[in-house]
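Asker: Quick check, what structure comes out for this input:
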Amino acid sequence: FSSSELGSPAPLPRQVFAIGLNYHGHAAEAGVPVPQVPATFTKFPSSLGGPFEPVPRMGETLDWEVEIVVVISRAAYRVSEVDAWNYVAGLAVGQDYSERTMQFAAGSQFSLGKSYLGFGPVGPWLTTLDEVSDRDNLQLECWINEDKVQDAPSTDMVFSIPSLIAQLSAVTPLWPGDVIFTGTPAGVGITAQPARFLQLGDVVRSSIGELGSIHNTIVAP
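Answerer: Numbering: from 1, shown residues only. Here you go, the predicted model:
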């Protein structure tokens, strides 16, 4: 068995939610106000991949976003923020790869720009909550080759994980195995000066405290 054969720990979700601008630092670097409600979109389930799978460079503006991924344990509908953690199977490291040209085509195509095959690697495993010493304070880090580009605590979140679960489940039922990408901190390529995007052969390593690390090599499609 090779770790390169690992698939996503949530391989067949009914729904994959993602949250934009959910870190104060990321909203600031983007030059936009902090959202008053979660900026929600979807990634197609087919975009999910294993933690060490290569990622295709589908355009000239491929960007990175390290994120905490939540996997839902049981049906959740109109749950309270206080009870929300009881509906979480576990947490994992995720990368919300984004082809920015497609993402902003025709005004806004977030789901398309973030849903190419392999644009949602998750792993390296599902960490249950009892294995996390402080689930409300996890350190997110991302490297491009040897260059650290993201480094921030989850305490910088605008909407906490329980808040996201409560607000999403107020609109639609969440089902066992559903996935929530909870947003990325500051340090993405599109806001760099000058803008920086992923090139063929780049290795993206994403790490979140006790949740572990994943890495992906950027390859030709």
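Asker: Mean pLDDT per helix and strand in the protein: which one sits at the bottom?
Answerer: Every helix and strand in the chain was compared by mean pLDDT, DSSP states H and E; the lowest is helix 110-113, with a mean of 92.
Asker: and for that helix, what are the contacting residues?
Answerer: Identification of contacts with helix 110-113 by Cβ atoms under 8 Å, 6 or more residues apart in numbering yields 18, 20, 41-44, 98-105. Just so you know, the C-beta spots here come from the backbone N, C-alpha and C atoms, and that holds for glycine as well.
Asker: Among these, which are located in strands?
Answerer: A18, G20, F41, T42, S98, E99 (DSSP state E).
Asker: and the fourth one, how many neighbours?
Answerer: Here the neighbour count serves as a burial measure; for T42 (other Cβ atoms under 10 Å) it reads 15.
Asker: Just list whatever residues bridge to it.
Answerer: Note on T42: beta-bridge partners by DSSP bridges are F17.
Asker: In this structure it contacts F17, no?
Answerer: Yes - using Cβ atoms under 8 Å, T42 is in contact with F17, at 6.1 Å.
Asker: E67: what's it in contact with?
Answerer: E67 neighbours (Cβ under 8 Å, 6+ apart): A18, V93, G94, Q95, D96, L140, F181, T182, G183, T184.
Asker: State the three-state secondary structure for it.
Answerer: strand (DSSP: H, G, I helix; E, B strand; the rest coil).
Asker: what's the helix ranked longest in the chain packed up against?
Answerer: Longest helix in the chain, counting residues (DSSP state H): helix 161-169. With contacts taken as 3 or more Cβ pairs under 8 Å, 6 or more residues apart in numbering; DSSP states H and E, helix 161-169 sits against strand 66-72, strand 179-181.
Asker: Dump those to TSV, plus distance to L12 and mean pLDDT.
Answerer: Listed next are the helices and strands packed on helix 161-169 as TSV, based on distance: least, Cβ to Cβ, whole Å; pLDDT from 0 to 100:
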stretch	distance to L12	mean pLDDT
strand 66-72	12	99
strand 179-181	10	99
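Asker: need these in JSON lines with distance to L198, can you?
Answerer: JSON lines is the format used below for the helices and strands packed on helix 161-169 (distance: least, Cβ to Cβ, whole Å):
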{"stretch": "strand 66-72", "distance to L198": "13"}
{"stretch": "strand 179-181", "distance to L198": "18"}
